[in-house]
Structures are given as structure tokens and as C-alpha cells.
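Student: Predicted structure and sequence below. I'll ask about it afterward.
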Amino acid sequence: MKYKAFHKLSYGLYIITTELEGVKAGYIGNTAFQVTSEPPKIAISSNKKNKTTEKILKSKKFALSVLQQEANTSLIGEFGFMSGDDVDKFRDMETITAETGSPIVLDSSVAWFDCKVIDSIDVGSHMLIIGEVVDSDVISQEDALTYAYYREKFKMLAPRNAPTYIEKEKLEEEEGAKEKEAQAAEEPEQETQKNETESDSSSFTCSICGFQYNPEEGDPTAGIPPGTPFEDLPEDYKCPICNAGKDYFNKD
Ligand SMILES: Cc1cc2nc3c(=O)[nH]c(=O)nc-3n(C[C@H](O)[C@H](O)[C@H](O)COP(=O)(O)O)c2cc1C
């Protein structure tokens, strides 16, 4: 099996939301697709570990906002990598309440759908949840974000809870990246020394979400001034997008 083949499947990116007993919940999903036209129905594949999944199954409703191409990456970071138990994802969001009562996120969105759940199928790690569309609207004429654009232009990854998650190592193995690493290790000592002296200005990338720490820029969101090498970041430094610790960063 070639894992790269799965990257040839096309998807969009959506904020999937619901509301249960006055509490809003939501996550980023790439698996949402129209399954019938009359009446229009949309299916989502929702991980059982997502806090939102249980709430959708209980509330029997969900809404989805279609993200715009140049979506806010912090919004994707919070909705796509953090649990609703740890952060109020809706605190700075512009939302409206749909007919079913689900919150609709207007930020970074081009359209939305409001759905009532009519069926669900247990497919193992995920629940395939089918909703009948009760309302929908277009917010802007901008292009919608695709999963391919997200991967290629934003250089961001998907966490394990996404149905389309593929271990980075498996993809690298296919690309022969491991072989390249071995070759680099055999390169003359001089070259290694050069790299070591350059390391202070090296950028580091979070292996969970793809966020790149650039020492020239620092991390203003965490009060890290420009010119701070990765090595000098505090040990409890966390990725501003997905909250992963320093250990998850690899040198570029
Ligand atoms: C690009 C991307 C695509 C994702 N696609 C899905 C998906 O289709 N289904 C899913 O269950 N989770 C998906 N996730 C993972 C959830 O968004 C993530 O687990 C989220 O933190 C769950 O939040 P919650 O626990 O507050 O519900 C995706 C995440 C990203 C970043």
C-alpha cells in the first residue's frame, strides 16, 4: 500500500460545531461531504475521542462552516488541535445561532450548513454522522480552503484524530527521506561543524501541526523577542498553534 496515494483524495476544511445544554463545541474536520441531493444530506466522520462527537450524538444537530482559502491559522490551531475541555474555542469568534441551535462560526468562512442528525454509523475510531440540511447560506465569494492547499501552502499537518491522518514517518519512508538522512550523517566532519555553528539561526518545525519557529521573528504571542535561538527558549515553551512542547520540534 502506498500512503501517498491517500493525498490524491480531495477534501475541503470545515469547522464542525454543535451545542448541548448551552455549551458550544466544535472541531476542524476535513471529512464532510454531501451524500444526497433530495433532500440534501451531509455526512461527517467524527472521531470518538473528540469532545464534540459525543455532544453531536446527544444534541442530534451539527453545523459546518466552510473555511476560506486564507483562513486564520490560529483558528485552525485551536479548533483542530485543542480540546474544548482545555480552551473556550468560541471566546473571540463571531458566531450566529442556526435554526437547530448550533453555533455557526463566521470568521474565516465562506458558507455554512445547519443540519439535524438523522443517522450515525460506528466505523471504529470514528462515527460516520449523517445530517439532513435544514438551512444554509453563502457568506463570501472567496475560494474555499482545500486540504491539499492546507498541507502544501500552510505546511500544516492533521492530528491523529483526523480520519485521514498518516504517520509522518510512513510518508518519509516512501519519499526516501530516511536514506537522505543516512547520507547526511556520513558527510565530512567539516560540514557537521559548519551546521553546528549555524544552529543558532536555524528554524525549527513543530512535528504535530507544522508551525515553524523562526529565531529572527521570535514568538511575540509568547513574549519571545526576535533574535532568540530555539535552544534558548524556556523549557516549558509550547507551540502557539497546537500547544505541543519543545520536544516535538525538529530542526529544519
Ligand atoms: C486539518 C485537520 C483535519 C481534521 N479532520 C478531522 C475529521 O475529519 N474528523 C475528526 O474527527 N477530527 C478531525 N480533526 C481533528 C479534530 O479537529 C481535533 O481532534 C480537535 O481537537 C477535536 O476537538 P474537540 O475535542 O474539542 O471536539 C482534524 C484536524 C485538523 C487540523
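Tutor: Sure, I can see it. Numbering: from 1, shown residues only.
Student: use CA for all of it now, contacts and neighbours both
Tutor: Fine.
Student: lowest-pLDDT helix or strand in this protein?
Tutor: The helix or strand of the chain with the lowest confidence, counting by mean pLDDT, DSSP states H and E, is helix 189-198 at a mean of 46.
Student: how close does Asn250 sit to Ser46?
Tutor: Distance, Asn250 to Ser46, using C-alpha to C-alpha, to the nearest Å: 30 Å.
Student: what does the protein put close to the ligand?
Tutor: Selection of the chain residues close to the ligand by C-alpha under 6 Å from any ligand atom yields 26-31, 45-47, 50-52, 79-84, 158-159, 161-163.
Student: Narrow the residues you listed to those in helices?
Tutor: Judged by DSSP state H, helices contain the following of the residues of the chain next to the ligand: Lys51, Thr52, Phe79, Gly80, Phe81.
Student: Quick check: the second one touching Gly29?
Tutor: No - counting by C-alpha atoms under 8 Å, Gly29 is not a contact partner of Thr52; they are 11.2 Å apart.
Student: Mind checking the pLDDT average for stretch 118-125?
Tutor: For stretch 118-125, the mean pLDDT works out to 98.
Student: gap between it and the chain center?
Tutor: Here the centre of stretch 118-125 is set off from its chain's centre by 22 Å, with C-alpha atoms, centre = their mean, to the nearest Å.
Student: For that stretch, which residues meet the burial criterion?
Tutor: Neighbour-count burial for stretch 118-125 flags Ser120 (criterion: 16 or more other C-alpha atoms under 10 Å).
Student: Ok, stretch 240-252 next?
Tutor: Using 16+ other C-alpha under 10 Å as the test for burial, stretch 240-252 gives Pro240, Ile241, Cys242, Asn243, Ala244, Lys246, Phe249.
Student: And for stretch 125-145?
Tutor: Neighbour counts over stretch 125-145 (16+ other C-alpha under 10 Å) mark His126, Met127, Leu128, Ile129, Ile130, Gly131, Glu132, Val133, Val134, Ser136, Ala144, Leu145 as buried.
Student: All the helices of this protein, residue numbers only.
Tutor: Under DSSP H, the chain gives helices at 51-59, 73-81, 147-152, 168-175, 177-185, 189-198.
Student: Where among those helices is average confidence lowest?
Tutor: When I compare the helices of the chain, helix 189-198 is least confident, with a mean of 46.
Student: Against Gly12, how distant is Glu235?
Tutor: Taking C-alpha to C-alpha as the measure, Glu235 falls 36 Å from Gly12.
Student: Among the two, which residue is more densely surrounded?
Tutor: Neighbour count, other C-alpha atoms under 10 Å: between Glu235 and Gly12, Gly12 has more, with 20 against 10.
Student: excluding its backbone neighbours, what's nearest that one?
Tutor: Closest residue in space to Gly12, ignoring its immediate chain neighbours: Thr146 at 4.2 Å, by C-alpha to C-alpha, 6 or more residues apart in numbering.
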